[in-house]
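**Student:** quick one: sequence plus predicted model below, questions after.
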There are 2 protein chains.
Amino acid sequence: MVICVIGIGLIGGTLASSLKDNKFAGRIIGVDSIPEHSKKALELGLIDEIGTIESAIKEAKLIIVSTPVDTAVEILPDIIDKIGRHQVVMDVGSTKEAAINSVKARINRGRFVATHPIWGTEFSGPSASIRGAMKGKTTVICNPEDCDNDAIVLVEQVYNSLEMKKVYMDAKDHDLHAAYISHISHAASFALALTVLEKEKEEDKIFRLAGSGFESTVRLAKSNPDTWIPIFKQNRSNILDVLNEHIYQLRQMKKLLEMEEYSALHRIMLEANDIKRIIN
Amino acid sequence: MVICVIGIGLIGGTLASSLKDNKFAGRIIGVDSIPEHSKKALELGLIDEIGTIESAIKEAKLIIVSTPVDTAVEILPDIIDKIGRHQVVMDVGSTKEAAINSVKARINRGRFVATHPIWGTEFSGPSASIRGAMKGKTTVICNPEDCDNDAIVLVEQVYNSLEMKKVYMDAKDHDLHAAYISHISHAASFALALTVLEKEKEEDKIFRLAGSGFESTVRLAKSNPDTWIPIFKQNRSNILDVLNEHIYQLRQMKKLLEMEEYSALHRIMLEANDIKRIIN
């Protein structure tokens, strides 16, 4: 099968190389607006050839859109209008409602499958891609009832070939949950990095004490703003809700510390320990 | 050399077993107020025998205090008063000013060396200890000018034997830096866990989307409040300062998102990316 991947960065590059390695794809056409990215992707063997959106529409059975989510909503309507009834388009962005809305009035709506594989790192670009990294991870497939049956089946085959678990979800629910489970972690990490970098202006040796705990909480602050600004934009209202709640929790903690209410502080830390149920 | 470790948890157990493995210690006496901990430590071979503070003072050349920091400041003055001039006491707590203040008026002050090895995980107790885990990490030694020369030399030998890097620092500076580089990461992580657990009350499937980014930012929320409340208590004023700054940064981020000031948001995310200089 000929597959075209538009946007060959961390996610696109990982998908492309994994689908080449497991032979799901006979040939991978890579498309990227940054010429150095496509060149690098070819050099790394993530893709078989460099193409354009037009050549992809002509040749590919499956088109995977893995650009930043703002670009995705720009190019999806046009792609969906131009493909034939045998072709399928899927996206892999971190927000789902905007992607679905961008094609909802189109005749070919059924050819589009909105997905979100839950995998990533703080790095970006084709060199950040990791062959086979999504194995065992979960992918979300949104609003499958709006897709043609053969389109859903093909996308399920893609994720099955990558040995990923599939979860089906309404796009609105996805975006809410993603705000709590992923987007706030990024916001918090960016803010934490800024907090410490701000202090570094006065205290030049502050980072000598940085340990693994610090590293773990700020590593997401290395993430690419070009990826994350569009996500924050598209999921703005959910992210604002969770930012409010997070600021509230921090202010509670601050208040208890100010008032030296250590038994109440102990109690909320024990409550927070309950996160053990969720992550090992 | 006979070494006594008081408090055989994550840090004490790791130090004890590492100093046994590298033969720096001929014999390790373990002391813990929780009988199951000493029993477990013996069973795991972290220590050679179970003792008491009294037996440690009688027999050990070096006494390592690795209890929670509130217990440390309670027991340190008594230990320092009772030891002989050939013995050395060191602590390994995450706050340093309180430990030093607890013994500063004592005749034997010079026998005490305040240290903070920068290593840890979110787990606690003797079973959480990891043999040799501190190799290559950094340890802080505070106010060495207040210690007897032979006491400092012995403690340096301890850390050299563990192949750790040594940094010398004023205790006040240490506590300020530790607030920014470690303690705030814990506060932020506890608050983030509470934020999401709060939402889980309404949305029961919220954690299906949890990925590695989430895990990384909330893993510290699994930390033991019995360890962390005393740290927050002893470093309260520094932690309040950094909590204030962190809340300010989050509110800035929220404000920019509310006002849809995406280019300013992009700019602060780029600034936060500068954390790459510090962590790989």
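**Tutor:** Thanks, I have the structure now.
**Student:** does chain B have contacts with the biggest helix by length in chain A?
**Tutor:** Looking across chain A with DSSP state H, the single longest helix is helix A:236-258. Yes: contact of helix A:236-258 with chain B (Cβ under 8 Å from any Cβ of the partner chain) involves A:236, A:239-240, A:242-247, A:249-254, A:257-258. For every residue, glycine as well, the C-beta is placed using N, CA and C.
**Student:** same deal with stretch A:181-194?
**Tutor:** Yes: using Cβ under 8 Å from any Cβ, stretch A:181-194 reaches chain B at A:181-182, A:184-194.
**Student:** for A:Asp226, which non-adjacent residue is spatially closest?
**Tutor:** Leaving aside its sequence neighbours, A:Asp226 sits nearest to A:Pro68 (Cβ to Cβ, 6 or more residues apart in numbering or on different chains; 5.9 Å).
**Student:** wait, that neighbour sits on A:Thr227?
**Tutor:** Yes: counting by Cβ atoms under 8 Å, A:Pro68 touches A:Thr227, with 5.4 Å between them.
**Student:** so which residue is dead centre in chain A?
**Tutor:** For chain A, the residue nearest the mean C-alpha position is A:Ser94 (3.9 Å; Cα atoms, centre = their mean).
**Student:** for that one, what are its contacts?
**Tutor:** Contact partners of A:Ser94, counting by Cβ atoms under 8 Å, 6 or more residues apart in numbering or on different chains, are A:Val69, A:His116, A:Ala178, A:Ser182, A:His183, A:Ile231, A:Asn235.
**Student:** enumerate every residue touching the first one.
**Tutor:** Taking Cβ under 8 Å, 6+ apart, we find A:Val69 in contact with A:Gly93, A:Ser94, A:Thr95, A:Ala98, A:Ala99, A:Pro230, A:Ile231, A:Gln234.
**Student:** among the residues you listed, which one sits closest to chain B?
**Tutor:** For the contacts of A:Val69, the closest approach to chain B (Cβ to the nearest Cβ) belongs to A:Pro230, at 8.8 Å.
**Student:** now do the contacts for that closest one.
**Tutor:** Here A:Pro230 is in contact with A:Pro68, A:Val69, A:Asp70, A:Thr71 (Cβ under 8 Å, 6+ apart).
**Student:** and chain B, is the lowest-mean-pLDDT helix or strand in chain A touching that?
**Tutor:** Lowest by mean pLDDT, DSSP states H and E among the helices and strands of chain A is helix A:212-218, with a mean of 92. Yes: contact of helix A:212-218 with chain B (Cβ under 8 Å from any Cβ) involves A:Ser212, A:Gly213, A:Phe214, A:Glu215, A:Ser216, A:Thr217, A:Val218.
**Student:** same check, this time on stretch A:160-167
**Tutor:** Yes: judged by Cβ under 8 Å from any Cβ, stretch A:160-167 comes into contact with chain B at A:Val167.
**Student:** just send the residues of helix A:212-218 next to chain B back as CSV, with neighbour count too.
**Tutor:** Listed next are the residues of helix A:212-218 next to chain B as CSV, based on neighbours: other Cβ atoms under 10 Å in any protein chain shown:
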residue, neighbour count
A:Ser212, 18
A:Gly213, 23
A:Phe214, 26
A:Glu215, 16
A:Ser216, 20
A:Thr217, 27
A:Val218, 30
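**Student:** ok, the residues you listed vs A:Ile53, which is closest?
**Tutor:** Distances from A:Ile53 to the residues of helix A:212-218 next to chain B, taken as Cβ to Cβ, are shortest for A:Val218 (36.8 Å).
**Student:** now do the contacts for that closest one.
**Tutor:** A:Ser189, A:Leu192, A:Ala193, A:Val196, B:Ser185, B:Ile275, B:Ile279.
**Student:** not counting sequence-adjacent ones, nearest residue to it?
**Tutor:** The nearest residue in space to A:Val218 (Cβ to Cβ, 6+ apart) is A:Ala193, at 4.8 Å.
**Student:** who does the strand or helix carrying that neighbour touch, helix- and strand-wise?
**Tutor:** Using DSSP states H and E, A:Ala193 maps to helix A:184-200. If you count contacts as 3 or more Cβ pairs under 8 Å, 6 or more residues apart in numbering or on different chains; DSSP states H and E, helix A:184-200 packs onto helix A:212-218, helix A:236-258, helix B:184-200, helix B:212-218, helix B:236-258, helix B:262-273.
**Student:** give me the distance from the fourth one to the chain's centre.
**Tutor:** In other words, helix B:212-218. Per Cα atoms, centre = their mean, to the nearest Å, the displacement of helix B:212-218 from the mean C-alpha position of its chain is 21 Å.
**Student:** do the same with the fifth one
**Tutor:** The chain centroid and the centroid of helix B:236-258 are separated by 24 Å, computed with Cα atoms, centre = their mean.
**Student:** residues making contact with stretch A:72-80?
**Tutor:** A:6, A:53, A:57, A:63, A:65, A:67, A:89, A:91, A:93, A:98-99, A:101-103, A:106, A:108-109, A:111-112, A:234.
**Student:** show the buried residues in those residues.
**Tutor:** A:6, A:53, A:57, A:63, A:65, A:67, A:89, A:91, A:93, A:98-99, A:102-103, A:106, A:108-109, A:111-112, A:234 (16 or more other Cβ atoms under 10 Å in any protein chain shown).
**Student:** among these, which ones are in strands?
**Tutor:** Counting by DSSP state E, the part of those found in strands is A:Ile6, A:Ile63, A:Val65, A:Val89, A:Asp91, A:Phe112.
**Student:** which one of these is nearest chain B?
**Tutor:** Looking across these and measuring by Cβ to the nearest Cβ, the closest to chain B is A:Asp91, at 16.3 Å.
**Student:** who does that closest one form a beta bridge with?
**Tutor:** For A:Asp91, the beta-bridge partners under DSSP bridges are A:Val65, A:Ala114.
**Student:** neighbours of A:Pro68, how many?
**Tutor:** By other Cβ atoms under 10 Å in any protein chain shown, the residues close to A:Pro68 number 20.
**Student:** and it, what does it touch?
**Tutor:** By Cβ under 8 Å, 6+ apart, A:Pro68 lies in contact with A:Gly7, A:Gly93, A:Asp226, A:Thr227, A:Pro230.
**Student:** nearest to A:Phe123 among those residues?
**Tutor:** Set against A:Phe123, the nearest of the contacts of A:Pro68 by Cβ to Cβ is A:Thr227 (10.4 Å).
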